[in-house]
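**Q** The following block contains a protein sequence and its predicted model.
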Amino acid sequence: MRPVVITCRAIVAAAILGGAMLVAPPTAAQDVQPPAAPPAPMAPTSEPAPARSGIGVQGFGLIGVNMPVPVESFEAVGLPTRPSEVGGGARVTRLWRGLFAQAAWSHWKESGERSFIDSAGRRFPLGIPLDVEVSFLDISAGWRFEGRSRFIPYLGAGAGVAKYRESSLFDASGENVDTRQTSYHVLGGADVRLARWLWVGGEARYRFVPGILGEGGVSAELDEREFNGAAVTARIAVGF
């Protein structure tokens, strides 16, 4: 009967070992964690660089053409009706968003000759050289439409002083004119950035200068009392 006992014990031991083997793999599987998935890469952004911020300062020079309204008076004394002007100034930008302020000075000088206008409106040159000098000091404020482009348009308005001077070698008493008057203007233009510190641009301006002419001479005969007019200028600016 001993062999039977041995066989039964062997069967029981094999059953216990098999059960242990069936239970062990799930327990081990619970202890082993799968590797974490790598984080997804961030998508590249194509958004352009933000617009510049902070106050900017520019200094500029300008050259252009002035187109005064009293054309008949200019023609009567032999002055060109489209004198060239030069000047310069300074501008402060981004005072608040697109708000800017600027001061600009411009000047032109031309020569003609004294003339006499009769009652029929006929012109008689007198052969007396005449020099005319005009200067403008304009203080302006406006809005620049800044963005992420190199091209920046702007609009503005302001006031200033216009100085007008006539002189000749043989002036009789009261013929010389040297006066100044408050002026008003509107303007519009655009700037283009060429480099970090370099700008070019163009501007159109219209000035209202009441009462600077018409007190005597040709302008009184022709009833031209205002010195209104437009100016178109190109400018080059250095700043940020």
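**A** Alright, I've got the coordinates.
**Q** Can you list the residue ranges for helices in this structure?
**A** Counting by DSSP state H, the chain has helices at residues 2-31, 71-76, 217-221.
**Q** tell me which residues of the last one are tucked away?
**A** Okay, so that is helix 217-221. By neighbour count with 16 or more other CB atoms under 10 Å, helix 217-221 contains the buried residues 217-219, 221. Glycine gets a C-beta too; all of them are placed from N, C-alpha and C.
**Q** Sheet-wise, list the partners of the longest strand belonging to the chain with their directions.
**A** Across the chain, the strand with the greatest residue count (assigned by DSSP state E) is strand 123-144. Based on DSSP bridges, the pairing partners of strand 123-144 within the sheet are strand 99-117 (antiparallel), strand 151-167 (antiparallel).
**Q** any chance of those strands in JSON lines, with mean neighbour count too?
**A** Below are the strands paired with strand 123-144 laid out as JSON lines (neighbours: other CB atoms under 10 Å):
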{"stretch": "strand 99-117", "mean neighbour count": "18"}
{"stretch": "strand 151-167", "mean neighbour count": "17"}
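**Q** Would you mind putting those into TSV with distance to residue 128 alongside?
**A** Below are the strands paired with strand 123-144 laid out as TSV (distance: least, CB to CB, whole Å):
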stretch	distance to residue 128
strand 99-117	4
strand 151-167	11
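**Q** Select, out of the ones you listed, the one closest to residue 235.
**A** Closest to residue 235 of the strands paired with strand 123-144 is strand 99-117 (CB to CB; 9.0 Å).
**Q** now the closest one, how far from the centre of its chain.
**A** Strand 99-117 sits 24 Å away from the centroid of its parent chain (CA atoms, centre = their mean, to the nearest Å).
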